[in-house]
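S.K.: Structure of the sequence below:
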Amino acid sequence: MEGLKITDITDPGLKFSPLYDENDTQTVACENVLLSVGQSILWGDLLKGTKVELGRGNGAVADAVTYQTTEPDIFVGGDVYTGPKFAIDAIAAGKEGAVSIHRFVQPQSNLLIGRNRRQFIELDKQNVAIALGSYDKTPRQIPGVKKNVAKSFHDERELFTEEQVKAETARCLGCSASVVDPNKCIGCGVCTTKCAFDAIKLHREHPECSKMVVPEDKVKTLLPYMAKRGVKILFNKEK
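M.R.: Numbers count the residues shown, from 1 in each chain. Okay, here's the model as predicted:
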């Protein structure tokens with residue numbers, strides 16, 4: 001493989017700054033060559049006349065939850081916000097940005113209510129009500145390695161055996177971790193009655209947004225409502 005020879009890689013400030021001479025090349029013997037394309041953010045005149053602020057790597061500064069920039073009606077996502085990252089992160093940002101845009105164009109809508117902030121807290125194993133050895137602590141399964149395979153870019157890992165698949169899926173079913181989509185949960189409380197271990201609890205973060213009645217008092221609330229609706233239906237039929 002023939003390529004440009006690096007003559008200097010630092011500047012006076014000790015920062016990475018490679019210098020190349022188009023006429024100075026070197027040949028390196030190799031078996032495989034990986035081509036990598038560098039990318040940079042070029043906005044052009046797209047943000048001209050806006051209040052969008054740019055930060056590290058010329059990326060847009062935005063809210064970490066809503067992806068809203070300092071220009072209220074401009075939302076970003078993907079590499080122009082995070083910089084180089086995994087494709088799935090760009091896809092997730094696009095989805096959350098689309099949710100924000102949909103809410104933004106709706107009257108009297110809030111961009112933050114019900115958003116998954118992905119704030120995960122590690123279990124405090126030193127202060128639990130049950131003994132540490134009283135629940136399943138099956139470790140992650142480790143795939144085998146193919147034998148007599150030359151070192152290459154091919155995956156050398158074996159597939160899980162049937163026993164490993166069963167053990168791994170049992171871990172997923174027993175982790176007791178769940179995420180509730182607040183945009184779909186209506187707070188009916190049925191899940192709390194179906195859980196045999198009494199592990200599900202409901203907590204209202206915004207009690208002022210609607211009225212919630214405990215199951216024991218629902219009859220008292222429903223009866224007056226039924227009577228009121230009955231009168232309205234009867235009155236409309238007579239008209």
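S.K.: So for stretch 164-171, what gets flagged as buried?
M.R.: If you call a residue buried by 16 or more other C-beta atoms under 10 Å, then stretch 164-171 has these buried ones: 164, 167. From N, CA and C alone the C-beta is placed, and that goes for glycine too.
S.K.: go on, stretch 205-220?
M.R.: Neighbour counts using 16+ other C-beta under 10 Å place no residue of stretch 205-220 among the buried ones.
S.K.: Relative to the whole chain's centre, how far out is that stretch?
M.R.: Its chain's C-alpha centre lies 31 Å from the corresponding centre of stretch 205-220 when counted by C-alpha atoms, centre = their mean, to the nearest Å.
S.K.: what helix or strand is residue 233 on?
M.R.: Counting by DSSP states H and E, the element that carries residue 233 is helix 218-238.
S.K.: Let me see the mean pLDDT of the one helix or strand residue 97 maps to.
M.R.: Assigned by DSSP H and E, residue 97 belongs to helix 87-104. Along helix 87-104, the predicted confidence averages to a pLDDT of 92.
S.K.: Contacts made by that helix with the rest, please.
M.R.: Under the criterion C-beta atoms under 8 Å, 6 or more residues apart in numbering, residues 65-68, 72-73, 75-79, 81-82, 109-111, 115 lie in contact with helix 87-104.
S.K.: Filter those residues down to the buried ones.
M.R.: Applying a neighbour-count criterion of 16+ other C-beta under 10 Å, the buried members of these are 66, 67, 68, 75, 76, 77, 78, 79, 81, 82, 111, 115.
S.K.: All the strands of the chain, in order from the start?
M.R.: Ranges of strands in the chain, per DSSP state E, are 2-10, 16-27.
S.K.: Throw those strands into CSV and include mean pLDDT, mean neighbour count and distance to residue 44, thanks.
M.R.: Rendered in CSV, the data for the strands of the chain read as follows (pLDDT from 0 to 100; neighbours: other C-beta atoms under 10 Å; distance: least, C-beta to C-beta, whole Å):
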stretch, mean pLDDT, mean neighbour count, distance to residue 44
strand 2-10, 69, 11, 29
strand 16-27, 81, 10, 26
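S.K.: which one of those strands lies closest to residue 35?
M.R.: strand 2-10 (11.5 Å; C-beta to C-beta).
S.K.: quick one, helices of the protein?
M.R.: When secondary structure is read from DSSP state H, the chain shows helices at 79-82, 87-104, 162-173, 190-194, 218-238.
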